[in-house]
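Undergrad: Whatever this is, show me its structure:
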Amino acid sequence: MYSPKISEQLIPVIYRIAQTEKRPMTQVVNDILSDFLIKYYCQSCNKEILLEEKSNTGYCEDCESEVFLKATTS
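TA: Here you go, the predicted model:
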């Protein structure tokens, strides 16, 4: 499996975030990458939905209802 090397200048930043949030560095990196790469869209109107938490549902302002979401990569 491919394991890319993280830039040395990013390690202290990731470390500080991990220490502050009391989480493993790998979890911090995975969450940052997921938030950047995965976008959620309303299945009804295809509008991008911003989530407060990791969830399979969200509220679409256009549809005015709670909707199930589909994830797509950028």
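Undergrad: and the residue most central in space within the chain, helix, strand or coil?
TA: In the chain, the residue lying closest to the centroid (C-alpha atoms, centre = their mean) is Asp35, at 2.2 Å. The three-state label given to Asp35 by DSSP: H, G, I helix; E, B strand; the rest coil is helix.
Undergrad: any idea how far Glu61 is from it?
TA: Using C-beta to C-beta, to the nearest Å, Asp35 is found at 20 Å from Glu61. For glycine as for every other residue, the C-beta is placed from the backbone atoms N, C-alpha and C.
Undergrad: what does Leu10 give?
TA: According to C-beta to C-beta, Leu10 and Glu61 sit 35 Å apart.
Undergrad: ok, now Val13?
TA: Note on Val13: its distance to Glu61, by C-beta to C-beta, is 34 Å.
Undergrad: Ok, Ile17 next?
TA: According to C-beta to C-beta, Ile17 and Glu61 sit 31 Å apart.
Undergrad: Who has more neighbours out of these two?
TA: Legend: neighbour count by other C-beta atoms under 10 Å for Ile17 and Glu61, higher for Ile17 (15 against 10).
Undergrad: is it fair to say that one lies in a helix?
TA: Yes: Ile17 forms part of a helix when assessed by three-state DSSP.
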